[in-house]
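S.K.: fold the following, please.
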Amino acid sequence: MKITAELVKTLRERTGAGMMECKSALVESEGDIDLAADALRKKGIAKADKKAGRIAAEGVIASALSADGRQGVLVEVNCETDFVASGEEFRRFADAVAQAALNLEDDSLEALQAARLPNGETVDEARRGLVARIGENIGVRRFARLASSGHLVRYLHPPRERIGVLVAYEGGDGELGRDLAMHVAASRPLAVRADEIPADVIAKEREIVAAQSASEGKPPHIIEKMIEGRLRKYLAEITLLGQPFVKDPDTTVEKLLAGARAGVSGFVRLEVGEGIEKKRDDFVGEVMRQVRGE
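M.R.: Sure thing, here's the model as predicted:
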């Protein structure tokens, strides 16, 4: 069968592979475009697997909201460079993954990777295809969802959407919701209120402030008061209600909510690359090693 330019063009549009790769695949499949696409996908998967060990600490936080606006999801999708993170194809993929996550009943990453996208591919198949076309390691790292019986606001920090926030709240208005979401993005609270902080986190901090206080040579009853005071201060710093409001540091978020007759039931915050150790290239050291012949 003659391999026409139109057939090669169709396969390129379908797979995103190069012209010569498409032509070779069509020759091998004797013009069967489905077999050729499968062969290219297999080659794409092989390329993707070779890149899987490379650190992907850039990317975006994508989000999706339900039709009634009361359920939302944030997804972290990673790549290796800022250049790819700002690309249209990468962002379309991230948005599609967020929509798939919103429709999931299972909150596991494995379920998300197996979820079907509108084009029939699974999330992981689409990811592998993107790796083959773009040439970088790409990963769907995590996702978080939030529901609200009242209002739900989302905030993606511009211009590159590296931080995403969802806040569930009751009372107040849309402006309050956006202010709360921006506050969470900027101030990184760990929980809404102190009683939501895990006991082991509090115990560890108590141990630290106890050691600090004991070294100051105060009487035992004074030391105990110092410990409690410092612990209260620590909890205020890491909880949403205790933090100074970013737009008015003289007012805590708790007072802001009280004035608006509003309350926050929960929030989620994701930031691209949290906890990922990036490789730092030592170019000077590399040149010196080459000079020494190492």
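S.K.: please make it C-alpha for all contacts and neighbour counts, starting now.
M.R.: Fine.
S.K.: and L104, helix, strand or coil?
M.R.: coil (DSSP: H, G, I helix; E, B strand; the rest coil).
S.K.: need phi/psi at it.
M.R.: Backbone torsions of L104, given as degrees, to the nearest 10, read phi -80, psi 150.
S.K.: so it makes contact with L112?
M.R.: Yes: L104 is within contact range of L112, at 7.2 Å (criterion: CA atoms under 8 Å).
S.K.: the two: who's more crowded?
M.R.: Between L104 and L112, counting by other CA atoms under 10 Å, L112 is the more crowded of the two (24 against 12).
S.K.: in which helix or strand does that one reside?
M.R.: helix 109-114 (DSSP states H and E).
S.K.: what do you get for L146?
M.R.: strand 139-147.
S.K.: I'd like to know which elements that strand is packed against.
M.R.: For strand 139-147, the packing partners by 3 or more CA pairs under 8 Å, 6 or more residues apart in numbering; DSSP states H and E come out as strand 71-79, helix 109-114, strand 163-170, strand 263-271.
S.K.: select, out of those, the one closest to R188.
M.R.: strand 263-271 (7.7 Å; CA to CA).
S.K.: ok, the closest one: who's next to it in the sheet?
M.R.: In the sheet, strand 263-271 lines up against strand 163-170 (antiparallel) (DSSP bridges).
S.K.: next up, the contacts around T122.
M.R.: Q113, A114, A115, R116 (CA atoms under 8 Å, 6 or more residues apart in numbering).
S.K.: now do the helices in this structure.
M.R.: 5-15, 19-28, 33-51, 82-85, 88-102, 109-114, 123-134, 174-187, 199-214, 220-238, 253-259, 283-291 (DSSP state H).
S.K.: so which residues make contact with the shortest one?
M.R.: Same thing as helix 82-85. E58, G59, V60, N78, C79, F90, R91, I134.
S.K.: make it 6 Å
M.R.: G59 (CA atoms under 6 Å, 6 or more residues apart in numbering).
S.K.: one more: the first one?
M.R.: Applying CA under 6 Å, 6+ apart, the external contacts of helix 5-15 come out as C22, K23.
S.K.: please redo it, this time with the cut-off set to 7 Å
M.R.: Under the criterion CA atoms under 7 Å, 6 or more residues apart in numbering, residues G18, M19, C22, K23, I33, A37 lie in contact with helix 5-15.
S.K.: pLDDT below threshold where in the stretch 51-200 of the chain?
M.R.: 51-53, 55 (pLDDT under 70).
S.K.: quick one: buried residues of stretch 73-86?
M.R.: Using 16 or more other CA atoms under 10 Å as the test for burial, stretch 73-86 gives V73, L74, V75, E76, V77, N78, C79, E80, V84, A85.
S.K.: using JSON lines, lay out these together with distance to S66.
M.R.: JSON lines is the format used below for the buried residues of stretch 73-86 (distance: CA to CA, whole Å):
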{"residue": "V73", "distance to S66": "9"}
{"residue": "L74", "distance to S66": "12"}
{"residue": "V75", "distance to S66": "15"}
{"residue": "E76", "distance to S66": "18"}
{"residue": "V77", "distance to S66": "20"}
{"residue": "N78", "distance to S66": "24"}
{"residue": "C79", "distance to S66": "27"}
{"residue": "E80", "distance to S66": "30"}
{"residue": "V84", "distance to S66": "28"}
{"residue": "A85", "distance to S66": "25"}
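S.K.: for P189, state which of these is nearest.
M.R.: Distances from P189 to the buried residues of stretch 73-86, taken by CA to CA, are shortest for L74, at 17.0 Å.
S.K.: now that closest one. Nearest residue, chain neighbours left out?
M.R.: S63 (4.5 Å; CA to CA, 6 or more residues apart in numbering).
S.K.: before we move on, what about A214?
M.R.: I223 (6.6 Å).
S.K.: tell me how far N103 lies from V268.
M.R.: 18 Å (CA to CA, to the nearest Å).
S.K.: so between the two, which is more surrounded?
M.R.: V268 (24 against 14).
S.K.: now do the same contact list for the more buried one.
M.R.: A144, V165, L166, V167.
S.K.: would you list these in JSON lines and tack on neighbour count and distance to A203?
M.R.: Formatted as JSON lines, the contacts of V268 follow (neighbours: other CA atoms under 10 Å; distance: CA to CA, whole Å):
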{"residue": "A144", "neighbour count": "21", "distance to A203": "27"}
{"residue": "V165", "neighbour count": "27", "distance to A203": "28"}
{"residue": "L166", "neighbour count": "32", "distance to A203": "29"}
{"residue": "V167", "neighbour count": "25", "distance to A203": "28"}
